[in-house]
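Q: The following comprises the amino acid sequence and a computationally predicted model.
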Amino acid sequence: MAGDRQQITDSLAGSPRRRVLAVAALAPLLAAAPTPARARPAALPTEPVARAAQKLIKPVHTTSSDWKAVAKILGGPGDMKHRVMYHTGFPRRDLRVFSHHVHVQPSLALGSHVSFVRYSDHSNLLMGDVVVTEDELQDFIDTLQEHRIGVTALHKHLLSQKPDIWWLHVHGHGHDPVALARGIHAAFKGTSTPHPKKSDQTKPHDLDTDGIDRAMGTKGSADDGIYKCIFVRREQITDGDMVLPPGLGSTSAFNFQPLGDGRAALSADCCMVADEVQRVLRLLRKAGAKLIELHNHGLRDKPRLFFVHFWAVGDAVRLARALRPVVDATNVTPTG
């Protein structure tokens, strides 16, 4: 190779044409020659750098006295759930609603409610499910937005209801719970929603509630004439970086309204993760339930939760037995 280079170098001293030809001939030899040692850039990592684990913010225990200012703004009594949630119900006792020829009682499917939770970083979370008429809907949303409270779902719980009713899920977060309470109260003021009041927890006398309990595998509870069986997800559910208390935004609820002779109208929703959805839908149809809505309630929940609302009418205990496989197909545990 050294002799070839010398020959080419001699040619470079000749005519321009010979120099051009010599350079062309030299190129492959230069490319094959070793390069002088020099610092090389560090190799890029083949694996992405692991991110620091997200720090989750947990709820703290509170008592009703911690929410006195909120209760005063909301205009009625609330109650504590799991020692962390201050919950207030606003059943739409002002509405006379029918679905499939059934007069729907407020506690069956017309129960607006909001919950407040305090967190270890001293922030407060507001979440709720609100019932509004179609005429109230747009102004209600506008008022929420004026007060920086978000809408995370807009949907139906009932089929063919008269008058037209809509259900909204609301979400607010901030360090001032009174500001959140004022915002949701301002939105309620634009509707005919009555002030909250404590519910009657006397069991319906014309339902076999013990039979429903055995069939569903839980201990139900009464709420203004409606018998309710509630289940919560077993997983830890988060909303962004906040851990949600059990049952906040993650419940399966089976509500039985007595119709006489042991029969009931059932309005219910089932909380699922994605892998459970199709099996639950098949089991619901097998049980004779009418499907109404499949959707999400939140925007940033993990694991991602899906909810199916459904309706059925029949013998209450038989309905409960038929729906037990739906419960067993989801990762839930009874609250009772």
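A: Looks like it came in fine. Numbering: from 1, shown residues only.
Q: Going by C-alpha atoms from here, please, whenever you check contacts or count neighbours.
A: Fine.
Q: if we look at stretch 123-137, which residues are touching it?
A: 92, 110-119, 163-177, 180, 190-191, 248-249 (C-alpha atoms under 8 Å, 6 or more residues apart in numbering).
Q: PyMOL command to pick out the buried ones of those residues?
A: Buried residues within the contacts of stretch 123-137, by 16 or more other C-alpha atoms under 10 Å, are selected in PyMOL with:
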select buried, resi 92+110+111+112+113+114+115+116+117+118+119+165+166+167+168+169+170+171+172+173+174+177+180+191+248+249
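Q: Following element in sequence after whichever strand or helix holds Phe231, please.
A: Element membership for Phe231 (DSSP states H and E) is strand 226-233. Next helix or strand after strand 226-233 toward the C-terminus (DSSP H and E): strand 238-239.
Q: Centre of the chain to the helix or strand that that following strand is followed by, how far?
A: Note on strand 238-239: by DSSP H and E, the next helix or strand toward the C-terminus is strand 242-243. The chain centroid and the centroid of strand 242-243 are separated by 12 Å under C-alpha atoms, centre = their mean, to the nearest Å.
Q: what's in contact with the very next helix or strand once past strand 242-243?
A: Next helix or strand after strand 242-243 toward the C-terminus (DSSP H and E): strand 251-260. With contacts defined as C-alpha under 8 Å, 6+ apart, strand 251-260 is touched by 105, 108, 204, 206-207, 225-233, 264-271, 316.
Q: angle of the strand holding Phe231 against strand 251-260?
A: Taking axes from the mean of the first three to the mean of the last three C-alpha atoms, to 10 degrees, strand 226-233 and strand 251-260 form an angle of 160 degrees between their directions.
Q: List the strands paired with strand 226-233, with their directions.
A: Its sheet considered, strand 226-233 pairs with strand 221-223 (antiparallel), strand 251-260 (antiparallel), strand 332-334 (antiparallel) by DSSP bridges.
Q: Just the helices from the protein, written as ranges.
A: For the chain, the helices defined by DSSP state H cover 2-12, 16-32, 68-74, 106-109, 134-146, 177-189, 209-216, 277-286, 316-328.
Q: Would you mind finding the most buried of the ones you listed?
A: helix 106-109 (a mean of 22; mean count of other C-alpha atoms under 10 Å).
Q: on that earlier part again, emit the PyMOL select command for whichever of the contacts of strand 251-260 are buried.
A: Selection of buried members from the contacts of strand 251-260 for PyMOL, criterion 16+ other C-alpha under 10 Å:
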select buried, resi 105+108+204+207+225+226+227+228+229+230+231+232+233+264+265+266+267+268+269+270+271+316
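Q: how close does Gly150 get to Leu144?
A: Gly150 sits 7 Å away from Leu144 when distances are taken as C-alpha to C-alpha, to the nearest Å.
Q: Sorry, wrong one. I was asking about Phe231.
A: Taking C-alpha to C-alpha, one finds Phe231 at 29 Å from Leu144.
Q: same thing with Gly217?
A: In terms of C-alpha to C-alpha, Gly217 sits 39 Å off from Leu144.
Q: Likewise for Val273?
A: 29 Å.
Q: Ok, Pro204 next?
A: Pro204 is 36 Å from Leu144, by C-alpha to C-alpha.
Q: For stretch 292-307, could you pull out the residues that count as buried?
A: 292-294, 296-298, 301-302, 304-307.
Q: Using CSV, write out the CA atom coordinates for that stretch.
A: Output of stretch 292-307 as CSV, limited to C-alpha atoms (Å, rounded to 0.1, in the frame of the first residue of the first chain):
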residue,chain,number,x,y,z
ILE,A,292,-78.4,2.2,28.9
GLU,A,293,-74.9,3.8,28.9
LEU,A,294,-71.3,2.6,28.8
HIS,A,295,-68.8,5.4,29.7
ASN,A,296,-66.2,6.9,32.1
HIS,A,297,-66.9,9.0,35.1
GLY,A,298,-63.5,10.5,35.5
LEU,A,299,-60.7,11.8,33.3
ARG,A,300,-57.5,10.8,35.1
ASP,A,301,-58.3,7.7,37.0
LYS,A,302,-55.9,4.8,37.3
PRO,A,303,-56.7,2.1,36.7
ARG,A,304,-59.1,3.4,34.0
LEU,A,305,-62.6,2.7,35.1
PHE,A,306,-65.7,2.1,33.0
PHE,A,307,-69.3,2.2,34.1
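Q: Centre-most residue in this structure?
A: Gly298 (3.1 Å; C-alpha atoms, centre = their mean).
Q: tell me the phi and psi of that one?
A: phi -120, psi 180 (degrees, to the nearest 10).
Q: Run a quick neighbour tally on the closest residue to it other than its chain neighbours.
A: Distances taken as C-alpha to C-alpha, 6 or more residues apart in numbering put Thr152 closest to Gly298, at 5.4 Å, once the chain neighbours are dropped. As a burial measure, Thr152 scores 17 neighbours (other C-alpha atoms under 10 Å).
Q: so who does Ala320 touch?
A: 212, 215-216.
Q: What does the pLDDT read for it?
A: According to the prediction, Ala320 has pLDDT 98.
Q: what's the burial count for the nearest residue to Ser267 once chain neighbours are set aside?
A: What sits nearest to Ser267 in space, not counting adjacent residues and going by C-alpha to C-alpha, 6+ apart, is Trp311, at 4.9 Å. Residues contacting Trp311 under the criterion other C-alpha under 10 Å number 22.
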